[in-house]
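A.B. asks: how would this look folded up:
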Amino acid sequence: MLSVPVYNQVRVLVANLSKKTFKNIDHELKGLIGLYGEDTRQFFLRSLLDDIDFDDHKASKDHLKIQLVNQELLEIVKLPNFVTLLCRSIDTQKLKSEGLISHFCKVLKLPLTQQFAIGLALTHVEDNKVANEGKNFLMSKFPE
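C.D. replies: Residues are numbered from 1 along each chain as shown. You can find the predicted model right below:
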């Protein structure tokens with residue numbers, strides 16, 4: 001379990017993300033993840049995803065956060081606990097409506113491989129409605 005100062009530091013870094021601070025913040029976040037482990041990675045990813053405005057279809061004001069999410073997804077997809085990390089990082093309650101996984105992937109501008117990985121991971125969520133949405137999402141991506 002992370003300490004409150006680490007949580008606060010991650011939140012401050014995510015909140016202060018700008019073009020000027022991007023590299024330094026990215027470096028510091030990677031350092032915190034290296035020091036404090038997967039709980040930090042999970043909290044960081046959840047903080048980013050919570051801060052992105054998914055109602056803004058272009059999410060132009062969140063482009064740096066989207067870039068960090070994409071970088072992080074590229075990292076965690078290689079990990080053996082990818083499914084657990086992803087499912088704990090995403091507020092699955094937001095994905096219960098039909099088409100929201102597709103919208104989520106579109107806003108994040110995820111490549112097809114990452115879309116498949118997310119869809120597959122979400123099929124393992126305990127909530128049957130979200131798991132079914134994950135299955136439906138995957139089926140929509142496979143050509144007949």
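A.B. asks: Please spell out which residues along the helix-or-strand element of the chain with minimal mean pLDDT are buried.
C.D. replies: Comparing every helix and strand of the chain by mean pLDDT, DSSP states H and E singles out helix 100-107 as the least confident one, with a mean of 85. Burial within helix 100-107, assessed by neighbour count using 16 or more other C-beta atoms under 10 Å, is assigned to 101-102, 104-105, 107. All C-beta spots, glycine's among them, are computed from the backbone N, C-alpha and C.
A.B. asks: which one of these is nearest residue 142?
C.D. replies: Taking C-beta to C-beta as the measure, residue 142 lies nearest residue 102 of the buried residues of helix 100-107, at 13.6 Å.
A.B. asks: Tell me which stretches of this protein form helices.
C.D. replies: Along the chain, counting by DSSP state H, helices occupy 4-15, 22-36, 38-51, 63-76, 82-89, 100-107, 112-122, 128-141.
A.B. asks: And the contacts of the second one?
C.D. replies: So the one you mean is helix 22-36. The contact list for helix 22-36 (C-beta atoms under 8 Å, 6 or more residues apart in numbering) reads 2, 6, 9-10, 13-14, 16-17, 40-41, 44, 64, 67-68, 71.
A.B. asks: For it, which residues meet the burial criterion?
C.D. replies: Those would be 25-26, 29-30, 32-33, 36, for helix 22-36 by 16+ other C-beta under 10 Å.
A.B. asks: possible to save those as CSV with distance to residue 78 and pLDDT?
C.D. replies: Putting the buried residues of helix 22-36 into CSV (distance: C-beta to C-beta, whole Å; pLDDT from 0 to 100) gives the following:
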residue, distance to residue 78, pLDDT
25, 22, 94
26, 18, 94
29, 17, 94
30, 15, 94
32, 19, 94
33, 14, 93
36, 19, 91
